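[1] curious how this folds, go ahead:
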Amino acid sequence: MAKNKTNETKVDVFEFIDSYVDSEQKKEDSLKLIELMSEWTGFEPKMWGPTIIGFGSYHYKYASGHEGDAPILGFSPRKAQFSLYVYSKTKRSDELLEDLGKFKMGKACIYMKKLTDINIPVLKGLAEETIAYLNEHHECACRSY
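    Numbers count the residues shown, from 1 in each chain. I've put the predicted structure just below:
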């Protein structure tokens with residue numbers, strides 16, 4: 001069985017932002033996302049792998065037998081754009097995406113250039129829907145939320 005590449009690390013989140021993020025706007029947006037996601041999840045930020053800032057964790061297990069842990073919510077301030085990990089494939093999430101703002105969608109990841117491109121209350125709704133989904137379908141630290 002393949003090992004997960006993205007695991008929680010001991011790297012300091014704020015040192016990562018200072019050393020990795022190359023623009024003041026992206027640093028400001030990163031700090032705001034930390035504030036929001038901490039509030040929405042009730043968890044402090046932790047580094048997952050080399051570039052993902054995650055909040056809380058849940059345990060998943062696929063029918064194939066592959067299993068592991070992942071952050072409940074998270075983001076990565078990548079060079080080209082932010083990757084937001086706040087999406088679960090539900091009807092409600094898909095409805096919320098219609099009003100999110102300027103973004104691109106990956107398989108389970110939302111890409112945005114800057115925080116002002118998106119509607120924060122809608123992002124909060126997506127986060128809440130994801131927390132509820134994970135709580136219902138996985139062994140999740142969000143159950144204490």
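
[2] for the chain, what spans make up the strands?
    Assigned by DSSP state E, the strands in the chain fall at 45-48, 52-55, 58-61, 67-70, 73-77, 82-85, 104-105, 110-112, 139-140.

[3] which strands and helices lie in contact with the fourth one?
    If I follow you right, that is strand 67-70. strand 58-61 (3 or more C-beta pairs under 8 Å, 6 or more residues apart in numbering; DSSP states H and E). Backbone N, C-alpha and C define where each C-beta goes, glycine included.

[4] the strand it packs on: partners in the sheet, and parallel or antiparallel?
    Taking DSSP bridges as the criterion, strand 58-61 sits next to strand 67-70 (antiparallel), strand 139-140 (antiparallel) in its sheet.

[5] what about Tyr87, neighbour count?
    Residues lying near Tyr87 (other C-beta atoms under 10 Å) number 23.

[6] can you tell me which residues contact it?
    93, 97, 105, 108-110, 126, 130 (C-beta atoms under 8 Å, 6 or more residues apart in numbering).

[7] counting only helices, which of those make the cut?
    Counting by DSSP state H, the contacts of Tyr87 place 93, 97, 126, 130 in helices.

[8] buried only: go through the residues you listed for me.
    With neighbours counted by 16 or more other C-beta atoms under 10 Å, these contain buried members at 93, 126, 130.
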